[in-house]
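**Student:** With the input below, show me the fold.
(2 chains)
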Amino acid sequence: MRNYDSIQHVRGDSLFIDDITPPQGTLYGYVYYSPIAHGKILQLDFSEALKSTGVKGIFSAKDIPGVNQIGGIIQDENLFAEDSVHFVGHPIAFIVADTQLHAHEAAKKIKSIYEKLPAIFDPRQAAAENKLIIPHRKFELGNIDSAWSECEYIIEGSVESGGQEHIYLETQGSIAFPTESGIKIISATQGPTAVQRTAAKILNLPMNRIEVDVQRLGGGFGGKEDQATAWACMAALAAYKLNTPVKLVLPRQEDIRLTGKRHPYSSDYKIGLTKDGKILAYEVTFYQNAGATADLSPAILDRTLFHCTNSYFIPNVRATGLSCKTNLPPFTAFRGFGGPQGMFVIETAIYKAALVMGMEPAEIQRKNLLNEGDELPYGQKTFNCNAIRCFDELDHKFSVKNIFQEIEEFNMKNKLVKKGAAIMPICFGISFTTTFLNQASALVHIYTDGSIRVNTAAVEMGQGVNAKLKRIAARTLSVNESRIKVDTTNTSRISNTSPTAASKGTDLNGFAVIDACNILIERIKKVAAEELGKDDASKISIIDENVFYENEPTILTFIDLVKKAYLKRISLTAQAHHSTPNIFFDLKSNKGNPFAYHIYGSAIIQVTLDCLRGIYEFDSVKVVHDFGESIDQIIDIGQMEGGIVQGLGWMTIEELIWNGEGKLLTDALSTYKIPDIHFAPKEIKIHALENSPNDFGPLRSKAIGEPPFMYGIGAYFALTNAMRAFRPNMKIKYDAPLTPEKILLNLYNK
Amino acid sequence: MIEFILNNNHVYTDFLATTVLLDFIRSEKRLTGAKEGCREGDCGACTVLIGEIKNRSIVYKSVNSCLMPLGEAHGKHVVTVEGFNQEELSPIQYAIVDEGGTQCGFCTPGFVVSMTGYFLSNKKIDVDDAVESLGGNICRCTGYAGIKRAVEKTVTVYEQTSLKLNHLDKLITAKFIPDYFKTIKKNLEQIRKNGNLRKSNTKYFIGGGTDLYVQQWEELIQSEALFASQEKIPNEILQTKNKIKIGGAATIQQVLESHVIKKHLPSLNKQLELFGSLPIRNRATVAGNIVNASPIGDITNILLALEAKLHLKGKRSGRDLFLREFYKGYKLLDKKRDEIVEWISFQVPSKKILFNFEKISKRTYLDIASVNSTIILEVKKDTITKIGLSAGGVAPIPLHLNKTCEFLIDKLINTENVKAAVEIAMQEISPISDARGSAEYKRLLLRQLFFSHFIKLFPQQINAEELL
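**Tutor:** Coordinates of the predicted model:
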């Protein structure tokens, strides 16, 4: 769609944090951080650094007027290290100078001495030493212990999945300005209120003294949900102390080193099946590598447990999750929020079972797909369940059987090049699993010239939420979209915002916009009835800016009503609050109805593998996906394509390598490789499941942000299938990402 | 004084020539369309076009402005995304909007510049080539599908434009570029050739700067430097009677496009597409790749196998030496401080030559190799009469596998000999584990690439299954 943002983007007119013309006197910050993974700070000497050219101040824990605490779920994270450091990249101080270069040069002059302490990087070791962020979590369904005896096949194994760096193209950043009453922060954050709340705590100011404004993000993907906060707080602290604007934009390498990523997981599974492939029992233990502090890890671990059975009905389940504390940067939200890690394990279990049983994985997948009314491990029962519809439609639309047939023929003819394919069904629950976050509000102004400004809690980060909200407002008011401007996200206009996350931005804020617009419609309909001398305002309708009475046209238009309402002293501003109805979850029994609805879909991924060199190309990804009734097809297709390619990257070439000292070796775009235009699949075909309106989404749409990411998991198994065509008896260690290195070492049995 | 045209404006500045062009454009000129995404030429968000007069017309090339010294803009036309803006969107901009080729928008200006650059610098338009020209631009949001659709759409628009016009007029008529582009040539001609770049005894001598600016930009921008482009270092690629000569200032892209190279090493231009990205290749020099002494340099690897010679020019005299003798240890060169690589030369390959280059990296394009290898050989009656064989990423220096070559000379091409040779190669290498792969992997990979050379060049004589 031709939304205003896109037009600005292609002209280079869109302003990101670093593009805003800095006010006179703006100072620039640089973060000084720990070079070691764990240790005591014995000495910290700023004296030389303070004398360095251009330096205006150096701030550390002792300079914080309020509380040195930025933890979200658990209060366990300092803005600046106090007496000990817990990961390489742990912020210690913030240097402010007249230029970024001077701040960086001063940082080199800081002298620090540490006493090194033993560091842990392996989550299993952390678990063995009982270093857990929270007590372990357990979801159970049926009776797993008695179910094993009914299984003809029981297969066990371990699975590793690596972390993933977000590589939002715009690095973390913010600018803080002193104001008459406090501080204004322009931040690239998905969670404006988190920034506001935390900055208030750091500065010891009430929240009403902190204003946070967000124009747009150059990508977020979860990496700016919780982890934009620290940088905003550092800028705010310095701006407050020095009474001058302060800007902090992380250079790419620092962004990669200092910030959290998708959690690496190490997991054990045990799956039991009947001889015809029905899964009866599934037991799984997830060791989540949480990093040094909690961040969002507990909530992410829960989503791993929610989605541990993916799109399948398994009557007996025991899933245990351990959030393990290690000496790495705190891992954080990333598209899918723990769901992908859980799904990768069940898919591995199915593939391994298929191999042992001599069945096709797709046959086991198909046999166990969720049906209407099936109970999920957390007690919710499926409704409008489209798992089977999507899976079967995939075969129907894209001739899945032929694809496998053709691959087999290709592999018969070719010795050194092999093809592989895999199907990946998904089921993803929509709502924040932390129930209270499922709220949003909207503030809609109609001005006397008929232009409209919409404020919500939603943050635009490329996902197109502003375009969707604009469309929702336009449809609800039945006015031309060009009248509407969606405003920046601002804590002074919208209070107590939930982060734009969990794929819920459009759902929550869209419903709030609908409610606010409906309030305005009711008011101006009343004006219309008065103008027309009618008693019953309910017989008034407004369609495409024209006013009808009992479906007959009148002389009045939308703009007439706006002007008249103003003269009649009727408010043209409305505020509405929306909270998702009928969702709840009991954290003790781990049962409830946490999701407003589920997203379903199925994909087939095809790959060609060069078995001589261990490199591969993705030929195609074909998907049948349940969009509900799409608000904007181009936006939704874009979310699909982008999510799929990110998922492919996670499973294949995106590899985080730490050395034995906890230092990240892949800390630049030259070493951490994300998909480029050549790596992307040659073909992505997406078919929207027909006739699937969603009563729980605005304009009967469905959420779209995260689910497509998980189709990428199929890439792993497409590759192992191709590998097996070359080495039929190969024993593979399930350890994502499946880099060219791992492929070659597996193929040649090293 | 550095003088150039930025979009449609004349710029005069006495900033240091080593200033990063991106910083100048963004901070000084407040043109914020070009973004800083990585400062190492790996994302393309900062892409700009550099136009310069060659053979009486302007040639435009895309470059990463984060790695480009301001001084190198002297006398040239620098175009940022803002320089393409017209009242209405250009067909390229329109197609990106319409096909969902932009989401967060941060990478988008870079894509617009690269795509426009493709149309400016190519008269024969092709969708695959146009996509190829975007190899230096990274997008994290779209998965590239919308961008590819936008390319297709734009190519269609271009093809519908009247053929009668000359290339520049055609692009202006079709609104790909604003009409001020017509005036640029005349304005560039008025700028003096070398300007008055301040220079003195400097620590830095900059070729393309594509590695130097990654490693040491903070030091560089506070220093003065000499530039290969302004020091009368030759930048041509030519053939003498029995030699091919590459000038010390010649870029990788020049090698890729060179008719001389295409004639004698026809497969090389496709293989060089694996070197960096187009904006990197447009700046990176062959000599820079050699002097940088990275054990994994691609062009160095190829030149090692070709038995290339360097001509070093010192303050007073010059000397020649074989590239194979140039490396004395990790980043240690047989080169004096004042010596610079003036020419790189190698024998014109005979018609019977067999040549193959292999490079494996985590991501196939725009990535540094885990291991690379080049083979060049001549064969008479299935017997190897001449051989060059290099291996990168498996030793502290760019390596030529001397002993393996010695073994293979006068040997029959067969599976057995290849198997025996690889064992010798394994003795010659000493890979280490790093971000590009474990030592174990690099060892295995070289073995595979060694086999690949023979499987590819001698499908009749070599039994692949027996090898593997």
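
**Student:** Could you use CA atoms for every contact and neighbour count after this?
**Tutor:** Will do.

**Student:** show me where pLDDT drops low in chain B?
**Tutor:** Scanning chain B for pLDDT under 70 picks out B:193-201.

**Student:** try 80 this time
**Tutor:** Chain B contains residues with pLDDT under 80 at B:162-163, B:192-202.

**Student:** how is it carved up into domains?
**Tutor:** Taking automatic domain parsing as the criterion, chain B consists of the domains B:2-84+B:180-220, B:91-177, B:229-347, B:354-467.

**Student:** closest one to residue A:607 among those domains?
**Tutor:** Residue A:607 lies closest, by C-alpha to C-alpha, to one member of the domains of chain B: domain B:354-467, at 14.7 Å.

**Student:** Ends of the closest one, what's the gap?
**Tutor:** 20 Å (C-alpha to C-alpha, to the nearest Å).

**Student:** So it, near chain A or not?
**Tutor:** Yes - using C-alpha under 8 Å from any C-alpha of the partner chain, domain B:354-467 reaches chain A at B:360, B:362-365, B:367-368, B:434-437, B:441, B:444-445, B:448-449, B:452.

**Student:** what's the answer for stretch B:71-83, then?
**Tutor:** Yes - contact of stretch B:71-83 with chain A (C-alpha under 8 Å from any C-alpha) involves B:81-82.

**Student:** I'd guessed residue A:684 sits against residue B:144; true?
**Tutor:** No - between residue A:684 and residue B:144 there is no contact, the gap being 10.1 Å when judged by C-alpha atoms under 8 Å.

**Student:** which residues do the two both contact?
**Tutor:** By C-alpha atoms under 8 Å, 6 or more residues apart in numbering or on different chains, residue A:684 and residue B:144 have these common neighbours: residue A:641.

**Student:** And for the residue of chain B found nearest chain A, the neighbour number?
**Tutor:** Of all residues in chain B, residue B:104 sits closest to chain A, at 3.4 Å by C-alpha to the nearest C-alpha. Residue B:104 has 28 neighbouring residues, counting by other C-alpha atoms under 10 Å in any protein chain shown.

**Student:** Repeat that for residue B:159.
**Tutor:** Applying other C-alpha under 10 Å, we find 11 residues neighbouring residue B:159.

**Student:** before we move on, the earlier item: the more surrounded of residue A:684 and residue B:144?
**Tutor:** Using other C-alpha under 10 Å, the more surrounded residue of residue A:684 and residue B:144 is residue B:144, with 28 against 19.

**Student:** so what's the more buried one closest to, chain neighbours aside?
**Tutor:** Ranked by C-alpha to C-alpha, 6 or more residues apart in numbering or on different chains and with sequence neighbours excluded, the top spatial neighbour of residue B:144 is residue A:677, at 5.9 Å.

**Student:** ok, residue A:277 to chain B distance?
**Tutor:** Plainly put, residue A:277 is 35 Å away from chain B if you go by C-alpha to the nearest C-alpha, to the nearest Å.

**Student:** in a strand, that's where that residue is, yeah?
**Tutor:** No - counting by DSSP: H, G, I helix; E, B strand; the rest coil, residue A:277 is located in no strand; its state is coil.

**Student:** how about the closest residue to it other than its chain neighbours, what does it touch?
**Tutor:** Leaving aside its chain neighbours, residue A:277 sits nearest to residue A:364 (5.3 Å; criterion: C-alpha to C-alpha, 6+ apart). Neighbour list for residue A:364: A:277-278, A:350, A:354 [criterion: C-alpha under 8 Å, 6+ apart].

**Student:** Quick check: phi and psi on residue A:364?
**Tutor:** Backbone dihedrals for residue A:364, given as degrees, to the nearest 10, come out at phi -70, psi -40.

**Student:** pLDDT score assigned to it?
**Tutor:** Note for residue A:364: predicted pLDDT of 98.

**Student:** Please spell out which residues along the helix or strand encompassing residue A:650 are buried.
**Tutor:** Residue A:650 belongs to helix A:633-651 when assigned by DSSP states H and E. For helix A:633-651, a neighbour-count test (16 or more other C-alpha atoms under 10 Å in any protein chain shown) marks A:634-651 as buried.

**Student:** That helix - contacts with which helices or strands?
**Tutor:** When contacts are defined as 3 or more C-alpha pairs under 8 Å, 6 or more residues apart in numbering or on different chains; DSSP states H and E, helix A:633-651 packs onto helix A:714-726, helix B:145-159.

**Student:** Tell me which of these is the most buried.
**Tutor:** Ranked by mean neighbour count, these are led by helix A:714-726 with a mean of 25 (mean count of other C-alpha atoms under 10 Å in any protein chain shown).

**Student:** Show me what the following helix or strand past it packs onto, helices and strands only.
**Tutor:** Using DSSP H and E, the helix or strand that follows helix A:714-726 towards the C-terminus is strand A:735-736. When contacts are defined as 3+ C-alpha pairs under 8 Å, 6+ apart, strand A:735-736 packs onto strand A:153-161.

**Student:** Quick check: phi and psi at the nearest residue to residue A:538 once chain neighbours are set aside.
**Tutor:** Here the nearest residue to residue A:538 in space, its sequence neighbours aside, is residue A:525; by C-alpha to C-alpha, 6+ apart that works out to 7.6 Å. Main-chain torsions, residue A:525, degrees, to the nearest 10: phi -60, psi -40.

**Student:** And residue A:535, by the same measure?
**Tutor:** Backbone geometry at residue A:535, expressed as degrees, to the nearest 10, gives phi -90, psi -30.

**Student:** Spatially nearest residue to it (excluding sequence neighbours)?
**Tutor:** residue A:529 (6.3 Å).

**Student:** my guess is the one you found contacts residue A:547, does it?
**Tutor:** No - counting by C-alpha under 8 Å, residue A:547 is not a contact partner of residue A:529; they are 10.0 Å apart.

**Student:** Overlap in contacts, those two.
**Tutor:** In contact with both residue A:529 and residue A:547: residue A:540, using C-alpha under 8 Å, 6+ apart.

**Student:** Which one of the two is surrounded by more residues?
**Tutor:** Neighbours per residue, other C-alpha under 10 Å: of residue A:529 and residue A:547, the larger number sits with residue A:547, 22 against 17.

**Student:** other SSEs contacting the helix or strand hosting the more buried one?
**Tutor:** In this assignment (DSSP H and E), residue A:547 forms part of strand A:546-549. When contacts are defined as 3+ C-alpha pairs under 8 Å, 6+ apart, strand A:546-549 packs onto strand A:540-543, strand A:552-557.
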